[in-house]
Structures are given as structure tokens and as C-alpha cells.
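Asker: need a 3D model of the following:
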Amino acid sequence: MGQVLRNKGDFTNCQNRWLYIQYSTHVNLDQSAMKSIELLTLTIVLIFSLIMMSACSENPDPYQPKEYVKLEHPEWSKSAAIYQINTRQFTEKGTFNAAEEHLPRLKELGVDILWLMPIHEIGEKNRKGTLGSPYSVKDYYSVNPEFGDLEDLKSFVDRAHELGMYVILDWVANHTAWDNPLTEEHPDWYARDWKGDFRPTPWWDWSDIIDLDYSKPEVREYMTKAMKYWVEEADIDGFRADVAGFVPVDFWNNVRRELEEVKPVFMLAEWESRDLHAEAFDMTYAWSWYEAVEQITTGDAEDLSPLYVYYSWNESAFPKKSMRMTFVSNHDKNAWEGTMYEKFGDGLEAAIVLSVIGEGVPLIYNGQEAGNDRRLEFFEKDPIEWRDHPIGDLYKKLFELMKENSALWHSEWGATMIRVPNSSEESVLSFVRQNEENKVFAVINFSGDPQSVELEESLHHGEYIDYFSNEPVEFDENSTLELEAWDYRVFVGQK
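Answerer: Here you go, the predicted structure:
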């Protein structure tokens with residue numbers, strides 16, 4: 001065997017190299033009768049073998065595919081819905097204690113992950129408005145007295161855990177308030193403008209904050225320890241990272257590793273980039289999904305092309321093990337651009353259905369379930385007016401299906417959307433998500449006109465229950481579907 005391998009020159013394969021070593025050694029040992037030579041030979045072979053084994057482990061087969069996402073998502077995130085709490089506006093009192101009273105209602109709604117907007121003391125220097133922006137952090141180890149104290153936060157987290165929910169904190173790593181003590185204790189930790197002065201994030205109107213300098217190892221260490229403090233002290237379950245892409249990826253990668261040493265965490269990045277999924281973040285924003293659906297429902301797009309582009313990129317460019325957050329509102333959209341009604345008009349319910357039934361982790365911004373039709377003030381007190389509302393009922397029903405039907409789960413646990421061609425593809429989106437246990441067929445009319453839809457191919461064929469009417473439905477090659485303007489139909493397969 002040794003001679004054959006020498007002739008072929010096949011030493012690129014680790015197994016062949018090992019076999020050659022074994023064969024050659026065997027021959028040498030057979031030819032040698034001297035124990036001293038045997039001992040020397042064995043020693044050399046052992047050393048060489050260890051070197052070869054190390055080389056093989058360091059240089060694996062370059063043609064074998066590698067898993068891009070190296071982190072492990074918490075098991076509890078596989079069918080999760082996320083809910084954003086703007087503590088200031090969530091209740092009349094605007095406190096953690098008052099928010100805690102809503103937790104049973106949110107559990108019943110189907111919420112799993114509670115995202116608290118920044119909880120820290122807000123800077124006073126260059127403050128915007130009366131109360132300031134929660135994203136202008138004065139002290140990373142503090143609790144904003146407007147919301148309560150550390151014990152109030154712990155009580156909120158403990159109650160959420162008792163109900164089977166998880167809490168993530170909004171974390172502002174990119175910048176601090178002008179009067180954060182770090183400006184005096186470590187002024188060298190901050191980025192500077194061309195004049196040598198502290199610098200707000202360039203090109204934005206964020207005049208109430210100044211950027212940190214992540215080329216400094218001390219900044220990275222400080223910020224990592226501050227994040228670990230909240231996991232250790234308040235049993236926080238993870239973080240939503242504000243403008244995550246403005247902070248180096250390698251910082252986030254290390255943060256995830258250190259947090260995981262404390263407990264399994266869930267990390268959400270306010271950014272839309274594949275590289276953040278590899279080692280740092282479970283989920284990124286699906287900003288382009290939001291933009292696509294908005295363009296379609298407002299008539300700025302002539303057809304469904306923006307959605308087809310999004311889902312093509314989502315499937316082809318983002319790894320299967322990643323999670324994308326789909327939404328029709330959040331604090332930025334509501335405060336600065338418009339309410340969900342302003343942004344999606346008559347197509348709002350269709351957009352909500354797609355955000356849950358399609359691939360993605362659905363977000364509710366507080367007040368959506370109450371049909372909030374106001375742009376909530378950002379720097380002033382402006383509490384939500386709570387009431388029962390059909391939007392809340394719709395979310396609740398959709399979340400129930402998402403949790404019980406494994407085809408609709410997230411990341412590697414769920415099924416990929418498969419397009420079902422139809423006769424009105426400029427207006428009607430139709431797709432199937434299925435696995436060995438479950439199958440869901442969805443058809444959504446993203447237009448203000450009724451549609452008579454002929455469905456092509458055979459993927460959708462079979463027996464279903466119409467999820468909203470609870471009526472049995474069967475599809476075959478002769479089936480058509482009548483849809484009203486902005487209508488949506490979700491069919492649950494019967495196996």
C-alpha cells in the first residue's frame with residue numbers, strides 16, 4: 001500500500017497519509033530486530049502521527065460544507081412571538097410595577113419574549129424634550145427612577161419567568177449620554193470629530209448622544225461586563241442591540257460567548273446583515289420585509305416583486321438557522337414615520353397575517369393589540385389607551401396556530417416557504433410551509449380588487465381546514481379561489 005500511495009502522490013488525504021505511516025512503520029519494524037531501534041522508531045512514529053493528526057484536524061476536507069451559524073438558539077425561541085414594551089407609555093404610571101400587572105394578559109395573547117426598551121437613567125445634558133430619549137444612557141448600571149428601581153425590575157422579570165416568558169433588555173452599546181460619568185473618568189474611550197471634540201453618531205440628528213470608540217479594548221471590556229451584570233444580577237434572558245451594525249461584529253461575538261457562560265441567552269440585532277448571525281445574534285431585523293410590504297399596500301409598488309425579492313434573498317443569502325424579525329410597527333416607525341394604519345392602510349391585516357404565517361419571528365409593538373392609532377410621543381409622557389380590539393384578536397389567533405403547528409416554527413425548527421404559482425401573481429401571494437407532521441397553505445390578496453385565483457402545480461393539493469372559518473376545504477387540479485379585496489386565507493392541512 002505504501003508503494004501505491006507513493007506512486008500516486010496521494011498525500012492530500014489525511015486517511016491515506018495515516019495508512020502510509022502505519023504501513024511504512026510496520027515494514028521498518030519487521031526489518032529491525034534491535035529493541036533500541038524499535039523504541040526509537042516507535043517514538044518517531046508517535047510524534048509524527050500526532051503532527052499528522054493535528055494537521056488533519058486543522059485542515060479538514062475543504063469541500064465539506066460548514067454550518068455558518070455556530071451559535072445555538074435557546075429551545076424556547078423556536079415558536080416565539082416577541083413583544084416590545086415602551087415602559088414610559090405602556091401604562092399611566094409608566095413603571096415596571098404597573099407593567100407587571102399586564103403580564104398575564106400578554107401571556108394569554110401568546111407572547112413569549114418581552115423586549116424592554118432601555119431601562120437606564122437618561123442623560124440631562126443636551127436632552128431632547130422634557131423626559132429625554134431612553135437611548136441616551138447616563139449610567140449602564142443604573143435603573144431609570146422614572147420606571148422604578150432594581151428590585152422593581154427583578155420583580156417584573158421574576159413574574160415573567162413564572163408565566164413562562166422571557167425578558168430581554170434594549171442595550172445601547174454604540175453611544176452614551178453627554179453626561180455619562182465615563183466622559184470624565186475615561187474621556188479617551190470616546191470617538192472624536194475633526195476638531196478633537198466628542199462626536200455624536202455622524203450624519204444623524206442624534207445630538208443628545210456621543211459615540212464610544214471600539215478600537216479601545218477597555219471600552220469592550222467595560223461594556224461586556226456591564227451586560228453580564230444584568231444577566232447575573234437581574235436574571236435577564238438576553239438583549240436587543242441598538243444599531244448593532246455600528247459596533248464591530250467581533251465585539252458582539254465575544255459578548256455572546258461570555259454571556260453564554262452565565263446562562264443561555266437570546267440576542268436580537270437592530271440590523272439586517274448575515275454576518276451578525278454566525279456567532280452573536282439569534283435574530284436580525286427584517287427591515288426590507290417591512291419596506292416591501294409597505295410599498296405593496298400603499299401602491300408604491302406595481303406588483304408583488306418587492307416581496308418576491310425579499311423572500312428570494314432571505315432563502316438564498318441568509319442561513320436556514322437564522323431568525324428574522326417581521327413587524328408592521330415598532331417604536332421608531334410609530335414615533336417618526338406613522339402608525340400601522342398610516343403605513344399599511346387597508347392592507348394592514350394582510351400584512352399582519354404574513355408576518356406570522358410566513359417565515360419570520362413576529363413582533364408586536366405595545367398598543368398594536370389595542371388598535372392604537374396614535375403616534376406615541378417619544379420624549380414626553382403619552383400613555384397608551386387600552387381596549388379590546390380586533391387586531392389583538394387576530395394576533396392571538398395567529399400566534400395560537402404558530403405555536404401548535406411546527407411548520408410555522410422558526411429557524412431550523414420550521415419549514416421553508418415554497419411558492420405556489422397562481423394566475424394573479426402580480427397581486428396574490430400563495431405559498432406552502434410543510435414538514436413531516438404539518439402543512440399550511442396560505443393565500444393573501446395584496447390588492448384592493450377582488451381576485452379569482454387559479455392555483456397551479458400540485459403542492460397545495462389535499463384536504464385542509466380553513467383556519468378562520470373552520471370549514472373543510474379540498475384542493476385539486478380544478479380548484480379556484482375567490483378572494484375579496486385585501487383578503488387572506490390560511491388553510492391547515494389534514495394528515
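
Asker: tell me, what residue is most central in this protein?
Answerer: Met283 (1.5 Å; Cα atoms, centre = their mean).

Asker: quick check: closest non-adjacent residue to that residue.
Answerer: Leaving aside its sequence neighbours, Met283 sits nearest to Met323 (Cβ to Cβ, 6 or more residues apart in numbering; 3.9 Å). C-betas here are computed from N, CA, C, even on glycine.

Asker: now do the same contact list for that neighbour.
Answerer: By Cβ atoms under 8 Å, 6 or more residues apart in numbering, Met323 lies in contact with 73, 77, 282-284, 360-361, 410-411.

Asker: and what of Val356?
Answerer: Residues near Val356 by Cβ under 8 Å, 6+ apart: 81, 326, 362, 395, 398-399, 401-402, 408.

Asker: take the residues you listed and keep only those in strands.
Answerer: Members of the contacts of Val356 lying in strands (criterion: DSSP state E): 326, 362.

Asker: ok, so of the contacts of Val356, who is nearest Asp250?
Answerer: Taking Cβ to Cβ as the measure, Asp250 sits nearest to Thr326 out of the contacts of Val356, at 28.0 Å.

Asker: ok, which stretches of the stretch 251-400 of the chain are strands?
Answerer: Per DSSP state E, counting those that start in this stretch, the stretch 251-400 of the chain carries strands over the ranges 266-269, 283-285, 323-326, 361-365.

Asker: output these in JSON lines, with distance to Pro383 and mean pLDDT appended to each entry.
Answerer: Output for the strands of the stretch 251-400 of the chain, formatted as JSON lines (distance: least, Cβ to Cβ, whole Å; pLDDT from 0 to 100):
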{"stretch": "strand 266-269", "distance to Pro383": "25", "mean pLDDT": "98"}
{"stretch": "strand 283-285", "distance to Pro383": "26", "mean pLDDT": "98"}
{"stretch": "strand 323-326", "distance to Pro383": "25", "mean pLDDT": "98"}
{"stretch": "strand 361-365", "distance to Pro383": "15", "mean pLDDT": "98"}
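
Asker: can you redo the ones you listed as CSV with distance to Asp139?
Answerer: Output for the strands of the stretch 251-400 of the chain, formatted as CSV (distance: least, Cβ to Cβ, whole Å):
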stretch, distance to Asp139
strand 266-269, 22
strand 283-285, 27
strand 323-326, 28
strand 361-365, 27
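
Asker: pLDDT weak spots in the protein?
Answerer: Under the criterion pLDDT under 70, the flagged ranges of the chain are 1-59, 495.

Asker: quick one: Ile357 from Phe441, how far?
Answerer: Distance from Ile357 to Phe441, counting by Cβ to Cβ, to the nearest Å: 10 Å.

Asker: quick check: neighbours shared by these two?
Answerer: With Cβ under 8 Å, 6+ apart, Ile357 and Phe441 have common neighbours Val490.

Asker: picking up where we left off before, the residue nearest to the centre of the chain and Ala269 touch, don't they?
Answerer: Yes - Met283 is within contact range of Ala269, at 7.1 Å (criterion: Cβ atoms under 8 Å).

Asker: who's in contact with the residue nearest to the centre of the chain?
Answerer: Going by Cβ under 8 Å, 6+ apart, Met283 touches 266-269, 322-325, 361.

Asker: can we see that at 10 Å?
Answerer: 73, 77, 80, 82, 113, 238, 240, 266-269, 276-277, 322-325, 360-361, 363, 410-411 (Cβ atoms under 10 Å, 6 or more residues apart in numbering).

Asker: kindly report the same for Glu218.
Answerer: Residues counted as contacts of Glu218 (Cβ under 10 Å, 6+ apart) are 186, 188-189.

Asker: can you tell me the element it falls in?
Answerer: Assessed by DSSP states H and E, Glu218 sits inside helix 217-234.

Asker: now that helix, how far from the centre of its chain.
Answerer: Relative to its chain's centre, helix 217-234 lies at 21 Å (Cα atoms, centre = their mean, to the nearest Å).

Asker: now that helix: buried residues?
Answerer: Neighbour-count burial for helix 217-234 flags 219-220, 222-224, 226-228, 230-231, 234 (criterion: 16 or more other Cβ atoms under 10 Å).

Asker: farthest-separated two in those?
Answerer: Farthest pair in those (Cβ to Cβ) is Val219 and Ala234. Separation: 22.8 Å.

Asker: Phe431 - that's part of a helix, no?
Answerer: No - read with DSSP: H, G, I helix; E, B strand; the rest coil, Phe431 is strand and lies in no helix.

Asker: beta-bridge partners for it, please?
Answerer: Arg419, Ala442 (DSSP bridges).

Asker: that one and Ile418, how far apart?
Answerer: According to Cβ to Cβ, Phe431 stands 6 Å off from Ile418.

Asker: surely Glu359 and Glu315 touch.
Answerer: Yes - at 8.1 Å, Glu359 and Glu315 qualify as touching, with contact defined as Cβ atoms under 10 Å.

Asker: what residues are shared contacts of the two?
Answerer: Residues within reach of Glu359 and of Glu315 at once, by Cβ under 10 Å, 6+ apart, are 416-417.

Asker: next, the buried residues of stretch 405-421.
Answerer: 405-411, 413-415, 417, 420.

Asker: typo on my end, it should be stretch 121-140
Answerer: Within stretch 121-140, the residues that count as buried by 16+ other Cβ under 10 Å are 121-123, 126-128, 131-140.

Asker: before we move on, what about stretch 462-477?
Answerer: 462, 464, 467, 473, 475.

Asker: endpoints of that stretch, how far apart?
Answerer: End-to-end distance for stretch 462-477: 10 Å, by Cα to Cα, to the nearest Å.

Asker: which other residues reach it?
Answerer: For stretch 462-477, the external contacting residues (Cβ under 10 Å, 6+ apart) are 353, 357, 394, 397-398, 400-401, 405, 420, 432, 434, 439-442, 454-461, 479, 481, 488-495.

Asker: again, only using 7 Å
Answerer: Outside stretch 462-477, the residues that touch it by Cβ atoms under 7 Å, 6 or more residues apart in numbering are 401, 441, 455, 460-461, 489-494.

Asker: dump those to JSON lines, plus secondary structure and neighbour count.
Answerer: As requested, these are arranged in JSON lines below (DSSP: H, G, I helix; E, B strand; the rest coil; neighbours: other Cβ atoms under 10 Å):
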{"residue": "Leu401", "secondary structure": "helix", "neighbour count": "19"}
{"residue": "Phe441", "secondary structure": "strand", "neighbour count": "25"}
{"residue": "Leu455", "secondary structure": "strand", "neighbour count": "23"}
{"residue": "His460", "secondary structure": "coil", "neighbour count": "26"}
{"residue": "His461", "secondary structure": "coil", "neighbour count": "13"}
{"residue": "Arg489", "secondary structure": "strand", "neighbour count": "21"}
{"residue": "Val490", "secondary structure": "strand", "neighbour count": "21"}
{"residue": "Phe491", "secondary structure": "strand", "neighbour count": "25"}
{"residue": "Val492", "secondary structure": "strand", "neighbour count": "20"}
{"residue": "Gly493", "secondary structure": "strand", "neighbour count": "20"}
{"residue": "Gln494", "secondary structure": "coil", "neighbour count": "12"}
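
Asker: between those, which is nearest Asn180?
Answerer: Nearest to Asn180 among the contacts of stretch 462-477 is Leu401, at 45.2 Å by Cβ to Cβ.

Asker: and the spatially closest residue to the closest one that is not a sequence neighbour, how far is that from Trp206?
Answerer: Leaving aside its chain neighbours, Leu401 sits nearest to Tyr467 (6.1 Å; criterion: Cβ to Cβ, 6+ apart). Applying Cβ to Cβ, the value for Tyr467 to Trp206 is 44 Å.

Asker: before we move on, what about Ile465?
Answerer: For Ile465, the distance to Trp206 (Cβ to Cβ) stands at 50 Å.

Asker: swap in Glu457?
Answerer: Using Cβ to Cβ, Glu457 is found at 50 Å from Trp206.
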